[in-house]
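Visitor: Would you be able to build a 3D model of this:
(2 chains)
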There are 2 protein chains.
Amino acid sequence: MTIGIDMMGGDFAPLEAVKGVHQYLSGDNTPATLTLIGNKTEIEKLAVEHNISPSHINIVHAEQVIGMQEHPTKALKEKKHSSIAIGFHLLATGKIDALISAGNTGAMLVGALFSIKALEGVIRPAISTIIPKSDGGTGLLLDVGLNADCKPEQLNQFAVMGSVYAQLVLGIDNPKVGLINVGEEEGKGNLLAQAAYPLLKENKHINFIGNIEGRDVLQDKADVMVCEGFTGNIILKLAESLYEITHAKKVKEEFFERFNFENYGGTPVLGVAKPVIIGHGISGSKAFMNMIRLAQIMIEKDVMKKMKDELSS
Amino acid sequence: MTIGIDMMGGDFAPLEAVKGVHQYLSGDNTPATLTLIGNKTEIEKLAVEHNISPSHINIVHAEQVIGMQEHPTKALKEKKHSSIAIGFHLLATGKIDALISAGNTGAMLVGALFSIKALEGVIRPAISTIIPKSDGGTGLLLDVGLNADCKPEQLNQFAVMGSVYAQLVLGIDNPKVGLINVGEEEGKGNLLAQAAYPLLKENKHINFIGNIEGRDVLQDKADVMVCEGFTGNIILKLAESLYEITHAKKVKEEFFERFNFENYGGTPVLGVAKPVIIGHGISGSKAFMNMIRLAQIMIEKDVMKKMKDELSS
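Guide: Numbers count the residues shown, from 1 in each chain, chains lettered A, B, ... in the order given. Modelled structure (predicted):
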């Protein structure tokens, strides 16, 4: 397998990306060849400095970089030689099997939506986040920002995609799916949640446990938590702020340590034909290493194929 | 002023309500006469046991109680002699100036919406919650559950009502209003947030600072945070769960102590003509005391009149 990495994305590019590559290659079970996309001279120099064996990497030169603040669609269109544009070209043409970037999030999303195809039948892809549970477990929340307004059927698809991901990547058997809502009983909620509930209830591909409330998000109630991308994004960023706040207040508690996004690397775009993983702008080496590992697992387990099967059967 | 209290509402009724009345009356600056609504024999007995002077209270007998799980509209209609139904009757007829209950939340909301009038021009009342800020400050979030689906103009009204409340009750001068959203720039968000933004921007009655994100909710960015009741309810319950989780994990940190709702008593229904305050089912004496104090402040500062003026001018 070949995993492509945008080496120029993120606030500490390309140094942290190179260090992440080194960390990945220093681990066990590293079957992937890594295609490093970016400034060739710079990457080669750093690769030597970090003792990265040339046999495991393959550098593809990109002379442009899409800045963090650039307009996604415009930048992708105008900067054909940027690392992200080249990355998506390599992905679309089968030269790489997955693409990772900590660069311009919007450009990565636009690229994921338009350069490679959505899975057959998927209305719109979604992005998810890991949610640490207070009992030590791990949940998955989606969508967290790609679809601020949703149709009920989309939430139903998120439930399937999230279940496949939770099972294959997070290792949760028969994951419990909860619909994020303002009350437990069927019939509660806004128009979207009211309309989504019966679809989820009838869906044979998921283990639907009903509505879950805000108080259940961090507790062990549902493994896969489904909502539109507006509410999901608010929850995600609120959760992230807990790490910052508890750190600033010097609260020593393992639970809040788990809100450090670096532990998880990046968020995959779910519902597209190939793994696309988007990292935080402030990704450090550990985040890059974890994103490469995540891409490897997604390829090994053929997560996209399983999603496609579950969605279309 | 006369403040009415449903003594039969909540999980520990009427004992905790009686203790809360005692605590209120033991404090300084207690100009209110308290009208205690519920089982007269029981309340009289407990009032004597708790040394409550009969000169400060006035007991109105109610022979029925609306249970916590009863259907709100049905229960209010069928149980005319319940403490909540009698309470709203007293409020509507001017016998009391405010009503407090820790009973059936739905029945309190239905009562607030239909027994007493909404303020002139208010599309729909809202409920708010105090949000502790990590720097020690206090924010206000609304709506937190009364309006799961909203029109843009409603969010604009919430901003005005929240600003008046923050100023008069929370003592925040010229409160900063933020629109809860998925990004900072104008134009971001779901259709509702996109449409609400220009209304808030043009509103001369508020100090609008723009969009705020999930990460800003617990931080010192906006004093009044506006969203529809779906997202608001998820945030509220997630915030409440932080108190439970940190308590269970024995995290000692003043910030999380402030997520204990008992500190705040109850939530007022904003946008109705008279103060209606709804407490948690598990309200203890401190919550009751704080709800009575809140009602007193709302009457003293004539919060409803100020809201009406700001909304109609």
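
Visitor: Would you check that A:Gln157 makes contact with A:Leu119?
Guide: No - the pair A:Gln157 / A:Leu119 is not scored as a contact, 9.4 Å apart, by C-beta atoms under 8 Å. C-beta here means a position set from N, CA and C on the backbone, and glycine is covered the same way.

Visitor: who touches both of those two?
Guide: A:Gly271, A:Leu311 (C-beta atoms under 8 Å, 6 or more residues apart in numbering or on different chains).

Visitor: Which one of these two is surrounded by more residues?
Guide: A:Gln157 (28 against 21; other C-beta atoms under 10 Å in any protein chain shown).

Visitor: need the contact list for the more buried one.
Guide: Residues in contact with A:Gln157 (C-beta under 8 Å, 6+ apart) are A:Val122, A:Ile123, A:Ala126, A:Gly271, A:Leu311.

Visitor: how near is it to chain B?
Guide: To chain B, A:Gln157 is 18 Å away according to C-beta to the nearest C-beta, to the nearest Å.

Visitor: How far off centre is the helix or strand harbouring A:Ala196?
Guide: Following DSSP states H and E, the helix or strand that holds A:Ala196 is helix A:191-202. In terms of C-alpha atoms, centre = their mean, to the nearest Å, the gap separating the centre of helix A:191-202 from the centre of its chain is 25 Å.

Visitor: Report the buried residues of that helix.
Guide: Across helix A:191-202, burial judged by 16 or more other C-beta atoms under 10 Å in any protein chain shown covers A:Leu192, A:Ala193, A:Gln194, A:Ala196, A:Tyr197, A:Leu199, A:Leu200.

Visitor: again, but for stretch A:90-98
Guide: Buried-residue list, stretch A:90-98, by 16+ other C-beta under 10 Å: A:Leu90, A:Leu91, A:Ala92, A:Ile96, A:Asp97, A:Ala98.

Visitor: could those residues go into a markdown table alongside secondary structure and pLDDT?
Guide: A markdown table is the format used below for those (DSSP: H, G, I helix; E, B strand; the rest coil; pLDDT from 0 to 100):
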| residue | secondary structure | pLDDT |
| --- | --- | --- |
| A:Leu90 | helix | 98 |
| A:Leu91 | helix | 98 |
| A:Ala92 | helix | 97 |
| A:Ile96 | coil | 98 |
| A:Asp97 | coil | 98 |
| A:Ala98 | strand | 98 |
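
Visitor: Show me what counts as buried in stretch A:125-142.
Guide: A:125-134, A:138-142.

Visitor: Stretch A:157-176 too?
Guide: A:157-170, A:172, A:175-176.

Visitor: Keep only those of these that are in strands.
Guide: Among those, the ones falling in strands (DSSP state E) are A:Lys176.

Visitor: Confirm for me that A:Ala222 is in contact with A:Thr138.
Guide: No - contact between A:Ala222 and A:Thr138 fails when scored by C-beta under 8 Å: they sit 11.7 Å apart.

Visitor: Residues of the stretch 201-313 of chain A that sit close to chain B?
Guide: By C-beta under 8 Å from any C-beta of the partner chain, the residues of the stretch 201-313 of chain A that approach chain B are A:213-219, A:227-231, A:233-242, A:244-246, A:248-249, A:251, A:253, A:255.
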